[in-house]
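In: Predicted model and sequence follow; I will ask about them next.
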Amino acid sequence: MALTQCHTLRSDCEALREREAVIAQEEKGAYFIGRRYYIPLCRFWGYLREPGQSWRTAKLVMMDESVVHTPDRGPEEPLPNAVFGKDQNVEYIVKGEYTGRNAYDPSTNQVLPMFRATSYEVRNAEPGFLFVPSEDYSENYVSLRPVLIPEPEVCRQELAKP
């Protein structure tokens, strides 16, 4: 059975409603929820959001590693064992702060906020979807963005249908 666009929207909205309820229960504090998002040759780390805030508010960030290296930091290319992204889609509790600076990622032509982490702790090694369940991850381009999340009013209308 093929999924229709309406069925996909309804399914996405149902999953988002469930996840938003869980997010709303998160303990507030001086930390961020981070989701590793890896694309080969790109220098961004992934997305960060504040606890209790929707992934809609997440920012794609570059990491300042002057205090602590990112969890998947390994040998840099051209070393024969260079490995990156082994923690793709892992969710972390990240402590640190935005530096107030931006950094340029030439592979994606984006200027992104710089975040200086002081610690990473795995929160969930298999957290499921990042923005919507129907999202399509590809290592060939930056495919996932918060704008993929349907607006709350769109979901309210969709879920109100019989």
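Out: Here it is on my side, so go on. Numbering: from 1, shown residues only.

In: Please count neighbours and contacts with C-alpha atoms only from this point.
Out: Fine.

In: Show me the helices in the protein, by range?
Out: 5-24, 152-160 (DSSP state H).

In: Run a quick neighbour tally on Ala21.
Out: Residues near Ala21, counting by other Cα atoms under 10 Å, number 12.

In: separation between it and Pro106?
Out: 37 Å (Cα to Cα, to the nearest Å).

In: cool, Asn89 as well?
Out: For Asn89, the distance to Pro106 (Cα to Cα) stands at 22 Å.

In: neighbour count winner among those two?
Out: Asn89 (21 against 11).

In: contacting residues for that one?
Out: 35-38, 125-128, 130 (Cα atoms under 8 Å, 6 or more residues apart in numbering).

In: what's the answer for Val122, then?
Out: 90-93.

In: Please flag which of those residues sit within strands.
Out: 91-93 (DSSP state E).

In: can you map out the strands along the chain?
Out: For the chain, strands defined by DSSP E occupy the ranges 32-36, 46-49, 59-64, 91-105, 110-124.

In: follow-up on the earlier one: just among the contacts of Asn89, which is most surrounded?
Out: Arg35 (28 neighbours).

In: Do I have it right that it meets Asp87?
Out: No - counting by Cα atoms under 8 Å, Arg35 stays clear of Asp87, with 9.3 Å between them.

In: Please report the number of neighbouring residues for the nearest residue to Ser11 once chain neighbours are set aside.
Out: In space, and not counting its chain neighbours, Ser11 is closest to Pro133: 7.9 Å by Cα to Cα, 6 or more residues apart in numbering. Residues near Pro133, counting by other Cα under 10 Å, number 17.

In: Surely Pro133 is in contact with Arg10?
Out: No - when contacts are counted by Cα under 8 Å, Pro133 is not listed as touching Arg10 (10.7 Å).

In: re the thing from before, give me whichever of the helices of the chain is most buried.
Out: Of all the helices of the chain, helix 5-24 has the most neighbours on average by mean count of other Cα atoms under 10 Å, namely a mean of 15.

In: Which neighbouring elements make contact with it?
Out: The helices and strands touching helix 5-24, judged by 3 or more Cα pairs under 8 Å, 6 or more residues apart in numbering; DSSP states H and E, are helix 152-160.
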